[in-house]
Every structure is written in C-alpha cells, then in structure tokens.
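Participant: only the shape, not the letters, is given here:
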C-alpha cells in the first residue's frame, strides 16, 4: 500500500472513476482495485459520478461504522442492478467499530483539539510538518 497524490495533481473536479482509471492504467487491467468507503456513505453512492461504471471497474468495499452496522443493500437493486449489489454485499468489511471519522479528525485538528489518541504518531507528525488543515497547531 502506498499514498498517491494523483487526485491533488488533477484539475478539479476529481472523481473516483478518474482515480480508478488512473490506477488501472498504471498497474494494468489484471490488477484488482479496491476502494474503501465507510458504511455511512452508502446512501450517497447513487449520487457518485458514473457510479455504475465505478462499481464495474473496481471493488467498492463498505466498512461498517458505528450507527451503520446493518447495511441494507436490497433497496439499491433497482438503481445499481442485481450483480452490482451482490458485489457490494461480498465486499462488506466488518472491523472493530470506532466512532470516529476522518472528517471528525480534521475538524478536531482545525479546532486545535488533541488527536494524538486517534492517529499514529507518524501521521500526526506529517500533518504538523506540512501544515495540513490550516490554522492547526
């Protein structure tokens, strides 16, 4: 696993489908691509840019989160189609449910709150070193 800045370098708007196609081009058509999404984003998926193509081109993995630990995908069959919903159901990731999100962490950093218990030390050091989330620290 590695971090990529391809979305930052791309002119806005930056869509997930563009990012997956970038990586498909970089690593070849035989490479399996996975996109991790919090289960709380499930209701927003139908509004994602070219979502049906995205579902066909990569594996969207829904990670369970507190309050979203019972994902109901049946209502999406009409929107996405049966095969895409089956693919989503196969890619539900159960993990320890931690009631925090990246949005909350960014908000806490911006507000000057302590996030040392929420991030690995190296990540926090990187955020400080690069002055991410303006006004923090």
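Facilitator: Right, received. Where do you want to start? As the structure is a prediction and not an experimental result, all values here were calculated from the model.

Participant: pLDDT weak spots in this protein?
Facilitator: Residue ranges of the chain with pLDDT under 70: 1, 67-69, 97-99, 134-137.

Participant: swap in 90 and give it another go.
Facilitator: Flagging of the chain using pLDDT under 90 yields the residue ranges 1-4, 8, 38-41, 63-72, 74, 93-112, 117-120, 124, 126-137.

Participant: tell me the domain boundaries of the chain?
Facilitator: If you go by automatic domain parsing, the domain ranges for the chain are 6-97, 100-137.

Participant: I'd like the ones you listed as CSV, with mean neighbour count appended.
Facilitator: Heads up, the C-betas are built off the backbone N, CA and C, glycines and all. Formatted as CSV, those follow (neighbours: other CB atoms under 10 Å):
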stretch, mean neighbour count
domain 6-97, 14
domain 100-137, 13
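
Participant: ok, the nearest residue to residue 92 once chain neighbours are set aside - contacts?
Facilitator: In space, and not counting its chain neighbours, residue 92 is closest to residue 62: 5.0 Å by CB to CB, 6 or more residues apart in numbering. Shown in contact with residue 62 (CB atoms under 8 Å, 6 or more residues apart in numbering): 37, 38, 39, 41, 42, 71, 88, 91, 92, 93.
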